[in-house]
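Peer 1: model this:
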Amino acid sequence: MKYMVVAIIFSLSSLCQAQEVSEGNKAEIEHLFKYLEGSGCEFNRNGTWYNAADASAHIKKKYDYLLGKHLLSSSESFIEKAASESSVSGKLYQVKCGTASPVQSSIWFNLELKKYRAEKSH
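Peer 2: Sure, this is the predicted structure:
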C-alpha cells in the first residue's frame, strides 16, 4: 500500500512539472515578434494605441515573465497568454494596419502563425 501511494504521488508530480517551450515554438514566437515590429501597425492596449515597437516591447516583457514561470507550452499559448489581452484589465488587444479596421490581436497573430507554418512546411 505504501508503495502504491508513493507511485501515485510520483505520477501526479510529473503531471505538475513545469512546461517547456520547444525550440521550434521559440522560433515561431521570435518570428511573431519580428513580424509585429516590422508591420508598421498600431497596437491598442487598454484604450491607447501604441506603435509596433512599443507593443513588441510590452509583449516581450510578458513573454519573458511567463517563460520564466514555465507558464507557456506552445506558440498558441504565447498568443493566448501574452499577446491577446491585458493581464490587468482583461481588455482584448487590437491591431490596426493602415486604414484597415482594427482586429483582435489574437486573430492577427494566429493568422501570421498559420502563414509562417505553411511557408516552413514547403
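Peer 1: in which helix or strand does the most centrally placed residue in the chain reside?
Peer 2: Closest residue to the average C-alpha location of the chain: residue 78 at 1.8 Å, with CA atoms, centre = their mean. Following DSSP states H and E, the helix or strand that holds residue 78 is helix 75-82.
Peer 1: can you check residue 38 too?
Peer 2: helix 23-39.
Peer 1: picking that back up, chain center to the next helix or strand along the chain from the helix holding residue 78: distance?
Peer 2: Per DSSP H and E, helix 75-82 leads on to strand 94-96 as the next helix or strand towards the C-terminus. Its chain's C-alpha centre and that of strand 94-96 lie 16 Å apart, by CA atoms, centre = their mean, to the nearest Å.
Peer 1: partners of strand 94-96 in the sheet?
Peer 2: Looking at strand 94-96 with DSSP bridges, its partner strands are strand 42-45 (antiparallel), strand 103-104 (antiparallel).
Peer 1: most tightly surrounded among these?
Peer 2: Greatest average neighbour count among those goes to strand 42-45 (a mean of 20), per mean count of other CB atoms under 10 Å. All C-beta atoms are positioned from the backbone trio N, CA, C, and that covers glycine.
Peer 1: which residues touch it?
Peer 2: 36, 49-52, 54-55, 58, 86, 91, 93-97, 102, 105 (CB atoms under 8 Å, 6 or more residues apart in numbering).
Peer 1: again with stretch 49-63
Peer 2: Stretch 49-63 is contacted from outside by 29, 33, 36-45, 72, 78, 81-83, 87, 96, using CB under 8 Å, 6+ apart.
Peer 1: and those residues, which are buried?
Peer 2: Buried residues within the contacts of stretch 49-63, counting neighbours by 16 or more other CB atoms under 10 Å: 29, 33, 36-37, 39, 41-45, 72, 78, 81-83.
Peer 1: buried set for the strand or helix carrying residue 118?
Peer 2: Per DSSP H and E: residue 118 is located in helix 105-120. The neighbour-count criterion (16+ other CB under 10 Å) identifies 105, 106, 108, 109, 110, 112, 113, 116 as the buried residues of helix 105-120.
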